[in-house]
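>>> Test case, fold it:
(chains A and B)
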Amino acid sequence: MTCWGRALVRRPLRGRGDGSGTKSDEMGLIGLTEVHAGMILRADVVAQGDRLLLGAGAELSEGHLRIFSMWGVTAVDVEGGSAADVTAKAAAELSPAERAAVEARMDALWRHNDRRDPIVAALVGLTTLRAARRAAGGRYGP
Amino acid sequence: MVRSAQALVNDATATPSLPRIYQRLTAALDNPRASTGHIADVIGDDSGLSARLLRLVNSAFYSFPTKVESIAHAVLLVGTEQIRDLALATSVIRTFKGISADLVDMESFWLHSIATGVTARILATHRREANTERFFVAGMLHDVGRLLMYAKLPGEAAEALRQARQHGGPLLAAEREVFGFDHSAAGALLLDAWGLPPGLVEAVRCHHAPQEARRHPVDAAVVHVADVIATALELGSSGDDAVPRLCGPAWERLGLPASALDAIAEQTELQVGDVRGSILAGVSGA
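Residues are numbered from 1 along each chain as shown, chains lettered A, B, ... in the order given. Okay, the predicted model is just below:
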């Protein structure tokens, strides 16, 4: 069975191992590809050398996202942006047939692994989200 | 059972040679009087390699803040041993030719290799390892044994693929059934015959059994986990359509929190497209 709403425990990102990302131990970090203008930052975004790019509470613009990308930031902490939220949104966009197709693909992809293993379960969560986005065919996401 | 992996490698017919650029750069690095300028000159003799390396150092793989305009600048920024590793990684694709498309989609094969290399380097960076380029090379080369088997024994390779697809089991197990050995053994022996470093050889030999690595267990664990992540992200395939079984102790050896996985996956996807364009540009059949 594919777990659609599984929350991943997250910690600050390390862009190229240089400490870029967001300064927060809270959950809710999501990848930059999932972030879009209008979202509210829950934690400061810092780049290499502890350079503050944008403070917590700011509303994100397209310009901010371009700057984050240029500085190698790969994920940020936004309000309502946990992995469970993102995955649930992706799942909600799918028809029952599309959901069944995603679940079948995940069953095939992970058939050599024990999905009760916490690391495998975390990876299954990541791949389920990606498969759901592909199945939605652009209907979901920014 | 066909024969031993060693016999497969020893049979010179159709056995690929180590890219000459690696030997030339190793000879230059072994010369204590060689300067970075000399290293750059050796690379500069190969215009295709120079272009690939410049594309790579100007990609998201490094994300340098300013554009790198020359190989000499790239050597200074990246390092001499590291640039040699990158030269090997970007040249090896051209050594495997003439493999039937019925056995393997070469573009998909190299995409999987690039993704595993990129992921291995990202894992190594999270661990603060030195010379992370060596992990990229190990990831790039981890499945070359499979190419050797496809090239030299295509009939047996087709049978292994058929068995794996029919029964839904790992291709690794089908290889052992049909050949009597698997691609990790064949690949390690090829790299050893090429004279590549023992850490690289062991990482390739143990990438499906990282617990068996004795001298370089971290290298083997990194490549193993990178292979799992790259396959999970469905970034190409070397023949198997399912994620290899994760070795829990290998993940634990990396000392990384599960919470790092999302960032690692994001970074991998961000970099793979760029690296693929840098390395595969102009390669036919890949």
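>>> in chain A, which helix has the most residues?
helix A:118-136 (DSSP state H).
>>> Could you confirm whether it reaches chain B?
Yes - counting by C-beta under 8 Å from any C-beta of the partner chain, chain B is contacted by helix A:118-136 at A:118-120, A:122-123, A:126-127, A:130. No exception for glycine: its C-beta is placed from N, CA and C like everyone else's.
>>> So which residues of chain A form strands?
A:21-22, A:29-31, A:45-47, A:51-54, A:75-77 (DSSP state E).
>>> got the contact list for the residue nearest the centre of chain B?
The C-alpha lying nearest the average C-alpha coordinate of chain B belongs to residue B:140 (C-alpha atoms, centre = their mean; 1.3 Å). Counting by C-beta atoms under 8 Å, 6 or more residues apart in numbering or on different chains, residue B:140 touches B:89, B:92, B:113-114, B:116-117.
>>> pull the helix or strand with minimum mean pLDDT from chain A.
Across the helices and strands of chain A, mean pLDDT, DSSP states H and E gives its lowest value to strand A:21-22, namely a mean of 44.
>>> Pipe the contacts of residue B:140 into a markdown table and attach pLDDT per row.
Below are the contacts of residue B:140 laid out as a markdown table (pLDDT from 0 to 100):
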| residue | pLDDT |
| --- | --- |
| B:89 | 90 |
| B:92 | 89 |
| B:113 | 96 |
| B:114 | 95 |
| B:116 | 97 |
| B:117 | 96 |
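>>> coming back round to it: pull the CA atoms of the longest helix of chain A into CSV?
Provided in CSV are the C-alpha atoms of helix A:118-136 (Å, rounded to 0.1, in the frame of the first residue of the first chain):
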residue,chain,number,x,y,z
PRO,A,118,11.9,3.7,8.1
ILE,A,119,14.5,4.8,5.5
VAL,A,120,12.7,2.8,2.8
ALA,A,121,9.4,4.3,4.0
ALA,A,122,10.8,7.8,3.7
LEU,A,123,12.1,7.1,0.2
VAL,A,124,8.7,5.6,-0.8
GLY,A,125,7.1,8.9,0.3
LEU,A,126,9.5,10.9,-1.9
THR,A,127,8.9,8.7,-4.9
THR,A,128,5.1,8.6,-4.4
LEU,A,129,4.9,12.3,-4.5
ARG,A,130,6.9,12.4,-7.7
ALA,A,131,4.8,9.7,-9.3
ALA,A,132,1.6,11.6,-8.3
ARG,A,133,2.9,14.8,-9.9
ARG,A,134,3.7,12.9,-13.1
ALA,A,135,0.3,11.2,-13.1
ALA,A,136,-1.4,14.6,-12.6
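>>> buried set for that helix?
For helix A:118-136, burial by neighbour count (16 or more other C-beta atoms under 10 Å in any protein chain shown) applies to A:119-136.
>>> What is that helix packed up against?
helix A:83-92, helix A:96-109, helix B:217-232, helix B:261-280 (3 or more C-beta pairs under 8 Å, 6 or more residues apart in numbering or on different chains; DSSP states H and E).
>>> ok, and which of those has the densest surroundings?
helix B:217-232 (a mean of 26; mean count of other C-beta atoms under 10 Å in any protein chain shown).
>>> is chain A contacted by that one?
Yes - Helix B:217-232 lies within reach of chain A by C-beta under 8 Å from any C-beta, at B:228-229, B:232.
>>> Now chain B against chain A: closest residue?
residue B:125 (3.6 Å; C-beta to the nearest C-beta).
>>> Kindly calculate the angle that the host helix or strand of that residue makes with helix B:217-232.
Applying DSSP states H and E as the criterion places residue B:125 in helix B:106-126. Going by axes from the mean of the first three to the mean of the last three C-alpha atoms, to 10 degrees, helix B:106-126 is angled at 130 degrees with respect to helix B:217-232.
>>> tell me which residues of helix B:106-126 are tucked away?
In helix B:106-126, counting by 16+ other C-beta under 10 Å, buried: B:106, B:109-126.
>>> need the residues of chain B near chain A, please.
Going by C-beta under 8 Å from any C-beta, the residues of chain B near chain A are B:60, B:62-63, B:125-126, B:128, B:168, B:170, B:228-229, B:232-234, B:241-246, B:248, B:251, B:257-263, B:265-267, B:269-270.
>>> same thing but 6 Å
B:63, B:125-126, B:170, B:232, B:242-243, B:245-246, B:251, B:257-259, B:261-263, B:265-267 (C-beta under 6 Å from any C-beta of the partner chain).
>>> Quick check: closest non-adjacent residue to residue A:40.
residue A:79 (4.4 Å; C-beta to C-beta, 6 or more residues apart in numbering or on different chains).
>>> so what pLDDT did residue B:37 get?
Turning to residue B:37, the model gives it a pLDDT of 90.
>>> How about it: what's its closest non-neighbour residue?
residue B:72 (6.1 Å).
>>> Over to residue B:59?
Per C-beta to C-beta, 6+ apart, closest to residue B:59 is residue B:274, 3.7 Å.
>>> tell me which element residue B:102 falls in.
Secondary structure assignment for residue B:102, by DSSP H and E: no helix or strand.
>>> Provide the backbone phi and psi angles at it.
Here the main-chain torsion angles of residue B:102 (degrees, to the nearest 10) amount to phi -70, psi -30.
>>> Same question for the spatially closest residue to it that is not a sequence neighbour, what's its three-state structure.
Counting by C-beta to C-beta, 6+ apart, residue B:158 is the residue found nearest to residue B:102 once chain neighbours are left out, at 7.2 Å. At residue B:158 the chain is in helix, as set by DSSP: H, G, I helix; E, B strand; the rest coil.
>>> While we're on residue A:25, how confident is the model there?
36.
>>> what's the closest residue to residue B:91 other than its chain neighbours sitting at in phi/psi?
Spatially, and ignoring its direct neighbours in sequence, residue B:91 is nearest to residue B:19 (3.9 Å; C-beta to C-beta, 6+ apart). Residue B:19 adopts backbone torsions of phi -50, psi 130, taken as degrees, to the nearest 10.
>>> list the contacts for residue B:19?
Shown in contact with residue B:19 (C-beta atoms under 6 Å, 6 or more residues apart in numbering or on different chains): B:91-92, B:95.
>>> Next one: it from residue B:196, what distance?
11 Å (C-beta to C-beta, to the nearest Å).
>>> What residue spans form the domains of chain A?
Following automatic domain parsing, one finds the domains of chain A at A:1-27+A:82-142, A:29-80.
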